[in-house]
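**Q** Provided below for reference: sequence and predicted model.
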Amino acid sequence: MDDIPSSTHDASPQSPEFNNTSRHTELLHFLTHSTELRSTAKSSLKQSLYAGSGAFAGSFLGGPIGGLVGGVVGSIVGYKSIDDYDGAIVAVRGLEGGRRDELMAVVGSVLMAAGASVGQLSTLEGYRESLVQFAEQEDVRNNLWEACVNSVRD
């Protein structure tokens, strides 16, 4: 169930390391490593289907060289037609100060609405476990993504 590798440290709420910056880092780690959230981003599948279809059609019509050309053309079409799902992660990583704090407050609210307790969210380990546990619910995943996307909009 837990597909998120543990961080090398855990911070207590009293530790100066345990703040919105560490929560933000943990959220980014979760967004980039969670198979549940990654599965909601269907763009990679869509792109690979374009590439594979192009390679198949090209090889069917033109043999090995046709497959190469078809694969390249299919890859280009797929690239141009997908949504930039990694862009959101990069943008969230670049959030500073107040915007990052707002995002962390919304993420905390989403997790608490899903059933996380203040006690769970008061340690980095509990925060990590709450992300993994509650993101199994589709509405929580959608709310987390929405919070991240909204945080990077102007």
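**A** Done, it's in.
**Q** three-state assignment of Glu136?
**A** Three-state assignment for Glu136 (DSSP: H, G, I helix; E, B strand; the rest coil): coil.
**Q** and it, how many residues sit next to it?
**A** 12 (other Cβ atoms under 10 Å). For every residue, glycine as well, the C-beta is placed using N, CA and C.
**Q** just the local confidence number for it, please.
**A** Residue-level confidence at Glu136 comes out at 88, pLDDT.
**Q** 297 is where my numbering starts, stick with that
**A** In the new count, where the first residue is 297, that last one comes out as Glu432.
**Q** helix or strand next in line after the lowest-mean-pLDDT helix or strand in the chain, which one?
**A** The helix or strand of the chain with the lowest confidence, counting by mean pLDDT, DSSP states H and E, is helix 331-336 at a mean of 49. Once the chain leaves helix 331-336, the next helix or strand it forms, by DSSP states H and E, is helix 339-377.
**Q** and that following helix, what's its mean pLDDT?
**A** Averaging pLDDT along helix 339-377 yields 90.
**Q** would you mind listing the buried residues in it?
**A** 343, 346-347, 350-351, 353-355, 362-363, 365-367, 369-371, 374 (16 or more other Cβ atoms under 10 Å).
**Q** quick one: which helix or strand includes the nearest residue to Gly422 once chain neighbours are set aside?
**A** If you skip the residues right next to it in sequence, Gly422 has Gln416 as its closest partner in space, 4.0 Å away by Cβ to Cβ, 6 or more residues apart in numbering. In this assignment (DSSP H and E), Gln416 forms part of helix 414-417.
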